[in-house]
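In: need a 3D model of the sequence below.
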Amino acid sequence: MAEAEETQQFLRISVYTPLIYVAVMATAFVAFSVFYRRHRLRKLIEVEPLFGRNYSLELYILLKDKFYNKSLPKEGRPPEKVVKAALLRRAVEAIRRSLKLKENEPVFNKLYQEGLIGDELFKQFGLQSKIQQLELKEIVEECQQFSKEWPATFFPVAQEICYNEALRRRLHAMDDRSKSLSELWNYYVDQSEPKK
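Out: Reported below is the predicted structural model:
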């Protein structure tokens, strides 16, 4: 009876094998996440902003850099009032843009739901909203650098300036419209100034 004895062979695995497996998987995951983030960042950089260049932001950054640059002589640095005025202009522009975005949000949502605008434009709108929120937070931090109590009075003043400029633009548009209509119809409207 020569029965072949079945011998079970055990495959011996080193203790390092699971550790190597985990290390390879972790490395693959990290590499994937790095490449994916770079890809998303490239896409975000390629997105064109809804608004044009923010000149008030660029001016403020330029003035702030010169103001805090201690290597420049005192005459070469802008006064603190000029830097504060530039920060106020930056805040006015940020408020104007965020009001414009809030005003157009229902329109964008409706157009997106009906399929009249694409995903790219809708994502661009959402990205611009987030950028404006970050801009306002950054302005608050900049205000607190000058004075801790200043943001409480700063933003109402900036809002008032923004509303005043909007009203001024509407009045100028009405004046321009009345001139163009008077030329079109050969009818001259009396100006609002009293005659002497």
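
In: mind checking what helix or strand follows the helix or strand harbouring residue 81 in sequence?
Out: Residue 81 belongs to helix 80-113 when assigned by DSSP states H and E. The helix or strand immediately downstream of helix 80-113 is helix 119-146, counting by DSSP H and E.

In: let me know the angle separating the helix or strand following that next one from helix 80-113.
Out: Using DSSP H and E, the next helix or strand after helix 119-146 towards the C-terminus is helix 150-185. For helix 150-185 against helix 80-113, the angle by axes from the mean of the first three to the mean of the last three C-alpha atoms, to 10 degrees is 70 degrees.

In: so where's the protein uncertain?
Out: By pLDDT under 70, the weakly predicted segments of the chain are 1-7, 186-196.

In: which residue is the nearest non-sequential neighbour of the residue nearest to the spatial centre of the chain?
Out: Among the residues of the chain, the one closest to the centroid is residue 131, at 2.0 Å (C-alpha atoms, centre = their mean). Excluding its sequence neighbours, the residue lying closest to residue 131 (C-beta to C-beta, 6 or more residues apart in numbering) is residue 49, at 7.6 Å. For every residue, glycine as well, the C-beta is placed using N, CA and C.

In: run a quick neighbour tally on that neighbour.
Out: 12 (other C-beta atoms under 10 Å).

In: what of residue 81?
Out: When neighbours are counted by other C-beta under 10 Å, residue 81 comes out with 8.

In: could you do the one 3 residues further on as well?
Out: Under the neighbour criterion other C-beta under 10 Å, residue 84 is assigned a count of 19.

In: also the one 10 residues further on?
Out: Around residue 94 sit 23 other residues, with neighbours defined as other C-beta under 10 Å.

In: leaving out chain neighbours, which residue sits closest to it?
Out: Leaving aside its sequence neighbours, residue 94 sits nearest to residue 135 (C-beta to C-beta, 6+ apart; 4.7 Å).
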